[in-house]
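> Test case, fold it:
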Amino acid sequence: MRTLLVAVILAFSTGVAVVNADNDRVVTKNALPAKAQAFIAEYFAGKDIVAAKEEREFRVNSFEVLLTDGIKLEFYKNGAWKEVDCRNNAVPAGIVPAKITSYVNVHYPGTNIVKIDFDKYDYEVNLSNGLELTFNKRFKIVDVDN
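Got it, this is the predicted structure:
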């Protein structure tokens, strides 16, 4: 009986997860948090938004924005940036913390940071030479991956 109950609970929770995973919705630029709109205006002025969506996953909401030249931006629900992916172009300098920029300039001269991802634990940056660097919150290098 207990096994059957566990199986039913797992089946139900899996079904809920599948239903919740499809709660994304397309939004307009004006529906983005003000902080995200200001970020786009400051660092990507003159670039148009091709698509924007709000992702709803369980209790975490976030926003994804795609610009005309393929740049992908992700924001937390409060509008703070989470990820900036400029594909093959350099991430605007003002976005990258100065200590990370300095480290990259010293150790990988001639490369650009083409993607940066920030979460509550660390920063991950992708370089134009294909390397991925991970920095902790105190901007100390903790991993290099290729």
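> who does the residue nearest in space to the middle of the chain bridge with?
Against the mean C-alpha coordinate of the chain, by Cα atoms, centre = their mean, the closest residue is residue 83 at 2.6 Å. When bridges are called by DSSP bridges, residue 83 pairs up with residue 74, residue 117.
> show me the contacts for it.
72, 73, 74, 115, 116, 117, 118 (Cβ atoms under 8 Å, 6 or more residues apart in numbering). Every residue, glycine included, has its C-beta placed from N, CA and C.
> ok, which pair from those residues is furthest apart?
72 and 118 (14.3 Å; Cβ to Cβ).
> So for those two, which residue has more residues nearby?
residue 118 (21 against 15; other Cβ atoms under 10 Å).
> Once you drop chain neighbours, what's closest to the more buried one?
residue 82 (6.2 Å; Cβ to Cβ, 6 or more residues apart in numbering).
> Show the backbone phi and psi for residue 30.
Torsion angles at residue 30 (phi, psi; degrees, to the nearest 10) stand at phi -70, psi -20.
> now do the one 5 residues further on
Backbone torsions for residue 35, taken as degrees, to the nearest 10, come to phi -60, psi -40.
> Now do the same for residue 20: its pLDDT.
Residue 20 carries a pLDDT value of 47.
> ugh, wrong one, I meant residue 56
Reported pLDDT for residue 56: 85.
> pLDDT weak spots in the chain?
Scanning the chain for pLDDT under 70 picks out the ranges 1-22, 59.
> what domains does the record give for it?
Annotated domains of the chain cover 1-85, 88-146 [automatic domain parsing].
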